[in-house]
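Visitor: Give me coordinates for this.
(4 chains, ligands or ions: 4)
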Amino acid sequence: MTLDRAKLADMYYRMWLIRHFESRARWLFQQDLVRGSTHTYTGEEAVAVGACAALNRDDYITSTHRGHGHCLAKGGDPRRMMAELLGKATGYCKGKGGSMHIADLDLGILGANGIVGGGIAIATGAAYSAKVRGTRQVVICFFGDGAANQGVLLEAGNMAALWKLPVIYLCEENQYAEFSPSRPFFAVERLEQRALGLGMEGIPVDGNDVLAVYETVRQAVERARAGQGPSFIVAKTYRWEGHTVGDPLTYRPAGEAEQWKTPERDPIARFGKYLVEQAGFAPAELEEMNQRAEAEIEAAVQFAMDSPEPAIATLWEDVYA
Amino acid sequence: MTLDRAKLADMYYRMWLIRHFESRARWLFQQDLVRGSTHTYTGEEAVAVGACAALNRDDYITSTHRGHGHCLAKGGDPRRMMAELLGKATGYCKGKGGSMHIADLDLGILGANGIVGGGIAIATGAAYSAKVRGTRQVVICFFGDGAANQGVLLEAGNMAALWKLPVIYLCEENQYAEFSPSRPFFAVERLEQRALGLGMEGIPVDGNDVLAVYETVRQAVERARAGQGPSFIVAKTYRWEGHTVGDPLTYRPAGEAEQWKTPERDPIARFGKYLVEQAGFAPAELEEMNQRAEAEIEAAVQFAMDSPEPAIATLWEDVYA
Amino acid sequence: MAVREISYRDAINEALREEMERDPTVCIFGEDVGRYGGPFQVTRGLYERFGEWRVRDTPISEEGFTGMAVGAAMTGLRPVVEIMYNDFVTLAMDQIINQAAKARYMFGGKARVPMVIRTQGGAGRGNAAQHSQSLEMWFVHIPGLIVIQPSTPYDAKGLLKSAIRNDNPVIFIEHKLLYVTTGPVPEEEYLVPIGVADIKRAGDDVTIVATSRMVHFALQAAGELEKEGIQAEVIDPRTLKPLDIDTILRSVKKTGRLVVVNEGHLTGGFTAEVAARVQREAFDWLDAPIMQVATEDVPIPYNRQLEWEAMPSVADIINAVKSVVYR
Amino acid sequence: MAVREISYRDAINEALREEMERDPTVCIFGEDVGRYGGPFQVTRGLYERFGEWRVRDTPISEEGFTGMAVGAAMTGLRPVVEIMYNDFVTLAMDQIINQAAKARYMFGGKARVPMVIRTQGGAGRGNAAQHSQSLEMWFVHIPGLIVIQPSTPYDAKGLLKSAIRNDNPVIFIEHKLLYVTTGPVPEEEYLVPIGVADIKRAGDDVTIVATSRMVHFALQAAGELEKEGIQAEVIDPRTLKPLDIDTILRSVKKTGRLVVVNEGHLTGGFTAEVAARVQREAFDWLDAPIMQVATEDVPIPYNRQLEWEAMPSVADIINAVKSVVYR
Ligand SMILES: Cc1ncc(C[n+]2csc(CCOP(=O)(O)OP(=O)(O)O)c2C)c(N)n1
Ligand SMILES: Cc1ncc(C[n+]2csc(CCOP(=O)(O)OP(=O)(O)O)c2C)c(N)n1
Ligand SMILES: [Mg+2]
Ligand SMILES: [Mg+2]
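Guide: Ligands and ions are numbered 1, 2, ... in the order given. Prediction:
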């Protein structure tokens, strides 16, 4: 484990950044300021933060419709993200993409994606590209337990394994896919077994333990950089909120979510406990980080609110390079 | 093993029927009487014949671009097949389909398919249909070792396993996919391991041993009829000839094919040996069946040659029901 | 007695329910169509009534379950597949185009593939580029398919019932912004025939052919134009393939002027098909060029103002009509 | 010195080779494109020259390797994907339409997706319904894509080189029956610009716009028509999207008559798009309706006579021209 104090603090801070971002995104959606649909990452913070902590700035990720957490974990700017949610000219996509299409190519963020499974082949291609260009870049491909039923996973995973591409398939088993539990939709007993058909070994990890995620991904990154090929990791976690903001959650057993929100399981509380008990952080430091994250998100909201709408003429721009 | 003498004879006869059919199809193609491309099943006869021997008339199969063998094994009429190859009005498809689209719905043959992997979801749907309609029908889905890299296999296989559909995925590992060996294109060590990611166990079988294929498929059929769900069988066999008639086979190691054409491995010779040594057939009986098969194919060619071209007006028919 | 008014969503739900009652081979496949009642609540109550085998919640496997429907249709079922956004048909095109649409023809008339693909398209809700397309034209281009786009609850119900009974693959494209709209739907059973256009408003000065949500835009435009003394005839083809060209030609021969409105992209869209066909078959009756009102040739943007600018508007239709009337 | 003649196949091969020499980020993905040299022998020799990482034999996984190309293109490569028959793009539509075509726009102009999809279409070889389609129109309809259909070795080489250097996703559709055709191709390097039509034959009486193999049919028809004193101008747009409408309009304003020929299906095809656009922009110059010559609205049949009947023929073009000239 090579996490120094600053890194640990940064991870903790980012987890709060995500939590606060989502809480404001939810609110803005409810105010009708965010359009379309917005999917919150609340409760899954440890996956994105743990995984991205194992990456360098020039490494790549592909994300999903539930992409805010991945973007923030990889270093995305909350102000430009929030502005994008409000469709503003200052947003990551100049207001053209919205919540489901935020990308920051300078940070290796190859985009959220509105197509379930849409990032899987793209990530694999980015890994191929790294190999041809002779860089040491690796790629993390985030996707959901629902997305694991898309056929492209077989195709891309097989190719990655064949050619030992530096890509990590990181399945977020948050137990739901849209408005249904995910478990009744995969025939393998444990989702990580899906990897067996692709020539990989599936590695389960506790997705609410940021350090476990970090360590598992770190090893996968090491293998990838060493030319040993792809990994398939399944992070077991839980989607705290509805599929989209506004989801009535009629299909979720009463009391289930609460069991995941306990201090023992809440990924932030859990990591905080570790930081205090094992890494010498003072509770006040943690609280300060939480507040700083909240303030940063507030500033992002303000920035977004204050930003201008895109000019109508931009409609016709950016179709072609 | 419940194969009586008549059944064994029928299987042997059908294997010859396929071999002769393909040899005439090749010839007709070389004469420019068959258009497009034609893929011969020569050397793989034991797979189709063994598998279809375990089916009832009302059971279904889906086939591939290399479909003549499947069709004959399931009881297809060589005359209408040959007429279709010649594009005649008397052909299975009235000349509209050609070699890659022969179907006989009355015999449960849901069609050859020009799309690699094209039958996989269709077979799965036919199995779903049998279940809803409350019949005891089962489905065999033939596909190649190349097709096993199509993502639809993950999607359909997963659903079949989830809902215990009466379908048997029968992969013909004939060691080639188009103009390349197939082995370098799947990342699992043995192709049957692909099934593991779909919630099935992959069952290998010697695809040149018609009785082994029969027995393996018979058990799978039994499980399917008993409501125990799908099976995934990989028949190890060898494509004697080129991908298409006319393939220069530059990519095939010299001498390789010959090793598969020995009396010990040639599926017909091998089965013949068994019939004589273990099932009390006289060599002359076998020879008579071979000749009868050849004559039937000659008659089919004659029928096809003598048949009329379709009327031009039929071009606009059959687009809609 | 006044006819009751129900929503487009409920009209579709009724069509499904009635056909499933009537014919035990009708089955539904799709994501969250069962227990949850459909992502847009269109299949509400059907799972409870007909059970899991007839209302099947599927994994997120569009190619797989669409292909399953093809196999099921060939062997005696009448599947109705729901593809949540028409943008996701991209994943199932092989099954639709190479299998469903062609099986009958390739097999020399021996197969029937009675299946319906229900999906929804259109922009206006801020769903951005991957959830707002209008891809009907891809299907209009392919022989063997029927393509339907209902604009009202009445048409939606009557056409879906016809589609389910039809023995061909039918692409049935709803509009995401029409689900909540309401209109009269009789209690007693009725069918709307496939391939028959509906004149939603009569008029002598100009013909407006419009589809799906654009029918409502066209009617609004017609209302405005009437104030200026321009009488527009608004024709809703309802079925895009096969197209009821006769009704359109009859109208154009009367008005001499045509504006076509469709939410697909301008280039290569449905408006182009209608324009090409009408100029070919009614050239001498035309007093002005046929104008096309369609979505701009840009991916649909997220921002509200940009999105609205990209889509056809009532003002665009009015302008197009004026450009052909005051020529 | 006479310009050498080479085949369409070899012209494409040269374009690939030259661009791969020039730019180490150009890579090829596809089935049997490497060791075997391509199912149609178009990539012959490239594997030996550039090695397996730049000429990648893929599994039969069209969606997967097309999507890989998108990711590779976004991160610094210039992949050229071969999809063996354009009929199989059905398996990769999500990657092409929802990812490649839209990434740049959705991301606010931040991504470049410089990739080429080489594929081939057309009928005439008895490959039947799943191997004979002409699906260019699906792509013409989608903003963000460039669509090219070369008709000669010269154009094929020059356009493919431009396509590879272009920073957008390009759909490059060859014709299966043109591979063996030959024509002059200079030894020295040249590019053919994207979006510029070529007047393959000048004439004053009627304009024929034709694409891909149909250009040759149109030229043959023009030769026949000349015997009757009809001078046809034959325009090959070469790029279908963006379309060089100016060249077409200029010609139509001269001839007053237009026939459009394309091998896609009639309904909703490229001929409809050109007809709609020209009547809109040159209505007053037209002396006759714009005629469309296209493939019948039926799946392509296997039988030779049926197949030929389904496809456009030289006679069809001649008849169409006469119908507008002797009107
Ligand atoms: C191809 C496709 N099918 C369906 C959808 C609709 N949809 C959006 S998110 C989602 C569920 C995804 O579940 P999962 O992959 O587990 O991700 P999670 O939402 O749990 O993060 C569905 C079905 C889509 N966007 N794309
Ligand atoms: C989707 C698709 N991709 C590619 C092809 C071209 N093609 C035809 S057969 C074939 C190889 C199939 O190999 P396999 O599945 O092993 O079957 P086999 O020919 O060995 O029986 C290919 C690539 C096709 N017909 N369909
Ligand atoms: Mg999930
Ligand atoms: Mg094979």
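Visitor: What is the burial count for residue 133?
Guide: Just so you know, I chose chain A. Per other Cβ atoms under 10 Å in any protein chain shown, the neighbour tally for residue A:133 reads 14. C-beta coordinates here come from the backbone N, C-alpha and C atoms, glycine included.
Visitor: Wait, chain C was what I had in mind.
Guide: 29.
Visitor: quick one: it from residue C:264, how far?
Guide: Distance of residue C:133 to residue C:264, computed by Cβ to Cβ, to the nearest Å: 8 Å.
Visitor: what residues are up against residue 275?
Guide: Just so you know, I chose chain A. Residue A:275 makes contact with A:8, A:12, A:281, A:286, according to Cβ atoms under 8 Å, 6 or more residues apart in numbering or on different chains.
Visitor: other chain: chain C
Guide: So residue C:275 contacts C:258, C:260, C:290, C:292, D:272, D:275-276, D:279-280 (Cβ under 8 Å, 6+ apart).
Visitor: May I ask you to name the longest helix in chain A?
Guide: helix A:5-30 (DSSP state H).
Visitor: buried ones in that helix?
Guide: Buried positions in helix A:5-30, judged by neighbour count with 16 or more other Cβ atoms under 10 Å in any protein chain shown: A:8-22, A:24-26, A:28-29.
Visitor: try stretch A:301-308
Guide: Result for stretch A:301-308 [16+ other Cβ under 10 Å]: buried residues A:301, A:303-304, A:307.
Visitor: out of these, who's nearest chain C?
Guide: residue A:307 (11.5 Å; Cβ to the nearest Cβ).
Visitor: Tell me who's in contact with the closest one.
Guide: A:83, A:86, A:88-91.
Visitor: Adding neighbour count, pLDDT and distance to ligand 3, write these out as CSV.
Guide: Converted to CSV, those look like this (neighbours: other Cβ atoms under 10 Å in any protein chain shown; pLDDT from 0 to 100; distance: Cβ to the ion, whole Å):
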residue, neighbour count, pLDDT, distance to ligand 3
A:83, 26, 98, 27
A:86, 22, 98, 26
A:88, 21, 98, 29
A:89, 16, 98, 33
A:90, 18, 98, 31
A:91, 26, 98, 26
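Visitor: got CSV for these, with distance to chain B and secondary structure too?
Guide: Shown next, in CSV, are the contacts of residue A:307 (distance: Cβ to the nearest Cβ, whole Å; DSSP: H, G, I helix; E, B strand; the rest coil):
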residue, distance to chain B, secondary structure
A:83, 37, helix
A:86, 37, coil
A:88, 38, coil
A:89, 39, coil
A:90, 39, coil
A:91, 34, coil
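Visitor: export those to JSON lines and tack on distance to ligand 4?
Guide: Shown next, in JSON lines, are the contacts of residue A:307 (distance: Cβ to the ion, whole Å):
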{"residue": "A:83", "distance to ligand 4": "53"}
{"residue": "A:86", "distance to ligand 4": "54"}
{"residue": "A:88", "distance to ligand 4": "54"}
{"residue": "A:89", "distance to ligand 4": "54"}
{"residue": "A:90", "distance to ligand 4": "54"}
{"residue": "A:91", "distance to ligand 4": "50"}
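Visitor: still on that earlier bit, tell me which other helices or strands the longest helix of chain A touches.
Guide: helix A:45-52, helix A:68-73, helix A:78-85, helix A:210-225, helix A:267-278, helix A:283-306 (3 or more Cβ pairs under 8 Å, 6 or more residues apart in numbering or on different chains; DSSP states H and E).
Visitor: Format these as TSV; extra columns: distance to residue D:14.
Guide: Below are the helices and strands packed on helix A:5-30 laid out as TSV (distance: least, Cβ to Cβ, whole Å):
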stretch	distance to residue D:14
helix A:45-52	45
helix A:68-73	43
helix A:78-85	45
helix A:210-225	37
helix A:267-278	57
helix A:283-306	52
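Visitor: Give the full set of residues in contact with the closest residue to residue A:108 other than its chain neighbours.
Guide: Spatial nearest neighbour of residue A:108, excluding adjacent residues (Cβ to Cβ, 6 or more residues apart in numbering or on different chains): residue A:60 at 4.2 Å. The neighbours of residue A:60, taking Cβ under 8 Å, 6+ apart as the test, are A:108-110, A:123, A:126-127, A:130, A:137-140, D:75.
Visitor: can you rerun that using 6 Å?
Guide: Residue A:60 is in contact with A:108, A:110, A:126, A:139, counting by Cβ atoms under 6 Å, 6 or more residues apart in numbering or on different chains.
Visitor: closest to residue D:174 among those?
Guide: In terms of Cβ to Cβ, no member of the contacts of residue A:60 lies closer to residue D:174 than residue A:126, at 28.3 Å.
Visitor: Can you report how many residues lie near that closest one?
Guide: Residues near residue A:126, counting by other Cβ under 10 Å: 33.
Visitor: Could you do residue A:179 as well?
Guide: 22.
Visitor: For it, give me the pLDDT.
Guide: What the model reports as pLDDT for residue A:179 is 97.
Visitor: How about the contacts made by it?
Guide: Contacts of residue A:179 (Cβ under 6 Å, 6+ apart): A:243, A:251, C:32, C:36.
Visitor: Redo these as CSV? Include neighbour count and distance to chain D.
Guide: Converted to CSV, these look like this (neighbours: other Cβ atoms under 10 Å in any protein chain shown; distance: Cβ to the nearest Cβ, whole Å):
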residue, neighbour count, distance to chain D
A:243, 23, 20
A:251, 17, 27
C:32, 23, 20
C:36, 21, 24
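Visitor: Inside helices: which ones of these?
Guide: Going by DSSP H, the helices hold none of those.
Visitor: still on that earlier bit, for the residue nearest to residue A:108, give the beta-bridge partners.
Guide: residue A:139 (DSSP bridges).
Visitor: hang on, the earlier thing: please work out the angle formed by the directions of the longest helix of chain A and helix A:283-306.
Guide: 40 degrees (axes from the mean of the first three to the mean of the last three Cα atoms, to 10 degrees).
Visitor: roughly how far is helix A:5-30 from the heart of the chain?
Guide: Here helix A:5-30 is found 12 Å from its chain centre; the criterion is Cα atoms, centre = their mean, to the nearest Å.
Visitor: Does ligand 1 have contacts with it?
Guide: No. Helix A:5-30 is not in contact with ligand 1 by Cβ under 6 Å from any ligand atom; minimum separation 12.6 Å.
Visitor: Doesn't residue C:284 lie inside a helix?
Guide: Yes. The assignment for residue C:284 is a helix, going by DSSP: H, G, I helix; E, B strand; the rest coil.
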